[in-house]
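Peer 1: Sequence first, then the predicted structure, then my questions.
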Amino acid sequence: MELQIKAHNIRLSDDVREYIDKRVGKLDPVNERIMEAKFELRQEKSHNPTQRFLAQFTIATPRSILRAEEKNTDPNAAIDIVTDKM
């Protein structure tokens, strides 16, 4: 599975990219059915400080499109929760 990682309003360090790859790598057992995978992490200007980072994970399979989204104060927590939802 080739994973596309995009960032908006935030600079992703190599450590964060590796962390995303590690978390998404847990989906390898279903890898053969995944046609496309996209992961987006963005920092939003929000009045609510508990929802500063938004992580979105989208997977396309031959029969459906799966999408999960999570907002959190910590980008790593948002990454963890959104990958667990998948």
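Peer 2: Sure, I can see it.
Peer 1: just the helices in the chain please.
Peer 2: 14-24, 75-85 (DSSP state H).
Peer 1: okay, the angle between the first one and helix 75-85?
Peer 2: Okay, so that is helix 14-24. Here helix 14-24 runs at an angle of 20 degrees relative to helix 75-85 (axes from the mean of the first three to the mean of the last three C-alpha atoms, to 10 degrees).
Peer 1: Who are the packing partners of helix 14-24?
Peer 2: Helix 14-24 is packed against strand 3-8, strand 36-43, helix 75-85, with contacts defined by 3 or more C-beta pairs under 8 Å, 6 or more residues apart in numbering; DSSP states H and E. C-betas here are computed from N, CA, C, even on glycine.
Peer 1: one step back: out of the helices of the chain, the one nearest Thr61 is which?
Peer 2: For the helices of the chain, proximity to Thr61 was assessed by C-beta to C-beta; helix 14-24 is nearest, at 14.8 Å.
Peer 1: number of nearby residues for Val82?
Peer 2: 25 (other C-beta atoms under 10 Å).
Peer 1: Please apply the same query to the one 3 residues further on.
Peer 2: Other residues near Lys85 number 13, with proximity taken as other C-beta under 10 Å.
Peer 1: Please name the residues that touch the nearest residue to it once chain neighbours are set aside.
Peer 2: Distances taken as C-beta to C-beta, 6 or more residues apart in numbering put Ala68 closest to Lys85, at 3.9 Å, once the chain neighbours are dropped. Applying C-beta atoms under 8 Å, 6 or more residues apart in numbering, we find Ala68 in contact with Gln56, Phe57, Val82, Thr83, Lys85, Met86.
Peer 1: can you tell me how far Ala68 sits from Pro49?
Peer 2: As judged by C-beta to C-beta, to the nearest Å, Ala68 and Pro49 stand 22 Å apart.
Peer 1: One more: Asn76?
Peer 2: Asn76 sits 16 Å away from Pro49, taking C-beta to C-beta as the criterion.
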